[in-house]
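Peer 1: sequence and predicted structure, then a few things I'm wondering about:
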Amino acid sequence: MSTVREKSIKERTFHVTTTIKGCIKCKEGHTLSRCSEFIKMQPLERGFYVKNNNVCFNCLTPGHSAMECRVVQSCRVCNRRHHSLLHLPRRVTTSEHKEPNQPSVSTESNVEEVKVNTMIASHHISEHRVALLATALVIVKSEEGHATVLKALVDKGSQACFISEKAAQILKLRRYPTNKIVTGMESMKVAVKQQVHIQVNSRWESDFSLPVRAYIMSKPLTTHIPETKITRINKWSHLSGLNLADPDYSTSGTIDLLLGVKEYATMLQEGLIKGPPGTPCAQNTSLGWIIFGEISMKSDINENTSIVMHQQIETDSEQDINMQDFLKRIWKINTISSRTLSKEEQQCEEIYEKTHKRDKTGRYIVKLPFKNEVHKSIEGDAKTIAMNRLLQLERRFNKDPHLKKNTQTL
């Protein structure tokens, strides 16, 4: 009988909350690593500028040092702990310009052009704009029939669904064991051990029912969405009269359910309404009209927070690529501690060193360690006792042929 081997999958979640302040050099809406004025400078001048302005040598972001930087990526030329734009060619004399306590910069033998690929978020938020993410109020039912209304984030950039621990307890969901790894930005990993099966129903379409497999997260799925209460929604005339999936989309609330791209494609319907610049869009779905987009609003806050959600599922081939990283993490955790070997362990080491060899096929052969001392029975000579019991059993069989026949049958 043939069997089908299921491919094991590993969940990866990327959830990042970033603070965008703009370029500290030209005050434009980009990072320092993408600043044309900064790129035109010589590497040595960039290093002095970064040091004098208290900017991280690794990620070119102010507010922390390279020792405290949590960004995994380093120099693409020498893989040392500094940004690629700060990489210096080898044997460049810097003693005349070097300042005390300046972080060391790696070098190479030849001067070469460095191509820097900077990873940025999928959207940028200026000082007076807020990103509005699509949310919906849905009716969630368990396998036992328990139901409640949850606020869900509709994220078409996710390949999996997640539910909060709080919601799982409210619904008294039946939990199924699983073994997944949720990986976030900066290589933070969280093990997911449980999954649930739920049914998502619409508040507007009674015949719409969506079965969902969700993973339970012990920590909050996101921050409150939106970050602050949105005003002036009564001036968005293009949204009037719509059956909104989340009537309270302008009020900050907790997200207890995250629906991925598969669920988004299932609930999607025809109908997209775009408003004037600075107003959100509306997309028709089976859950109602979801509201999303970048909106303009008055705010005295100098910094704005953006939330980027993305999740991907790795196949077996992708897991093989990450096996090197997995082994490195194991080596870092399982440090070898020196200890004194016992007498028996020392004997085993000696037997291995004296007897191990390798045959023509490449297999290793080693003599098994045995204890030399004779183990005696607590009742005396074990061989004599065994022989007496055997003779006693033969005499019993001679007296009772029926017992002998039954024993032989067994």
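Peer 2: Perfect, I can see it now.

Peer 1: and the longest strand for the chain?
Peer 2: Ranked by number of residues, the top strand in the chain under DSSP state E is strand 189-201.

Peer 1: which ones are touching residue 168?
Peer 2: Residues near residue 168 by C-beta atoms under 8 Å, 6 or more residues apart in numbering: 175, 196, 216. C-betas here are computed from N, CA, C, even on glycine.

Peer 1: drop anything exposed from these.
Peer 2: Taking 16 or more other C-beta atoms under 10 Å as the criterion, what is buried in the contacts of residue 168 is 196, 216.

Peer 1: quick one: the helices in the stretch 1-150 of the chain, in order.
Peer 2: 36-40, 43-52 (DSSP state H, counting those that start in this stretch).

Peer 1: which of the residues in the longest one are buried?
Peer 2: Residues of helix 43-52 classed as buried: 43, 46, 47, 49, 50 (neighbour count, 16+ other C-beta under 10 Å).

Peer 1: these two touch, right, the last one and residue 85?
Peer 2: It stands for residue 50. No. The criterion here is C-beta atoms under 8 Å, and residue 50 misses it with residue 85 at 9.0 Å.

Peer 1: for the stretch 201-350 of the chain, which spans come out with low pLDDT?
Peer 2: Low-confidence segments of the stretch 201-350 of the chain (pLDDT under 70): 232, 297-338.

Peer 1: what ranges do the helices span in it?
Peer 2: Using DSSP H, counting those that start in this stretch, helices in the stretch 201-350 of the chain cover 261-267, 316-321, 323-333, 343-355.

Peer 1: and the closest residue to residue 64 other than its chain neighbours, how many neighbours?
Peer 2: Among residues not flanking residue 64 along the chain, residue 56 sits closest, at 5.5 Å (C-beta to C-beta, 6 or more residues apart in numbering). Burial measure for residue 56: 21 neighbouring residues, criterion other C-beta atoms under 10 Å.

Peer 1: residue 56 and residue 30: what is the separation?
Peer 2: 17 Å (C-beta to C-beta, to the nearest Å).

Peer 1: likewise for residue 279?
Peer 2: Going from residue 279 to residue 30 by C-beta to C-beta gives 25 Å.

Peer 1: pick out whichever of the two has more residues nearby.
Peer 2: residue 279 (21 against 15).

Peer 1: in this structure the more buried one contacts residue 238, no?
Peer 2: Yes. Using C-beta under 8 Å, residue 279 makes contact with residue 238 at a distance of 7.1 Å.

Peer 1: so which elements touch whichever strand or helix holds residue 182?
Peer 2: Using DSSP states H and E, residue 182 maps to strand 176-183. Contacting strand 176-183 under the criterion 3 or more C-beta pairs under 8 Å, 6 or more residues apart in numbering; DSSP states H and E are the following elements: strand 10-20, strand 189-201, strand 209-217.

Peer 1: try 7 Å
Peer 2: strand 10-20, strand 189-201 (3 or more C-beta pairs under 7 Å, 6 or more residues apart in numbering; DSSP states H and E).

Peer 1: re the thing from before, nearest to residue 229, out of the helices of the stretch 1-150 of the chain?
Peer 2: helix 36-40 (37.5 Å; C-beta to C-beta).

Peer 1: show me what the closest residue to residue 175 other than its chain neighbours bridges to in the sheet.
Peer 2: Distances taken as C-beta to C-beta, 6+ apart put residue 194 closest to residue 175, at 4.4 Å, once the chain neighbours are dropped. Here residue 194 sits in beta bridges with residue 177, going by DSSP bridges.

Peer 1: before we move on, what about the one 4 residues further on?
Peer 2: Note on residue 198: beta-bridge partners by DSSP bridges are residue 212.

Peer 1: separation between it and residue 140?
Peer 2: Residue 198 is 5 Å from residue 140, by C-beta to C-beta.

Peer 1: likewise for residue 369?
Peer 2: Distance, residue 369 to residue 140, by C-beta to C-beta: 60 Å.

Peer 1: okay, the two: which has more neighbours?
Peer 2: Per other C-beta under 10 Å, whichever of residue 369 and residue 140 has more neighbours is residue 140, with 23 against 15.

Peer 1: mind listing the strands for the stretch 101-250 of the chain?
Peer 2: Secondary structure of the stretch 101-250 of the chain (DSSP state E, counting those that start in this stretch): strands at 129-132, 135-141, 147-154, 161-164, 176-183, 189-201, 209-217.

Peer 1: please name the bridge partners of residue 244.
Peer 2: As for beta bridges, residue 244 partners with residue 289 under DSSP bridges.

Peer 1: before we move on, the earlier item: mean pLDDT for the helices and strands packed on strand 176-183: which is lowest?
Peer 2: Mean pLDDT across these is lowest at strand 10-20; the value there is a mean of 51.
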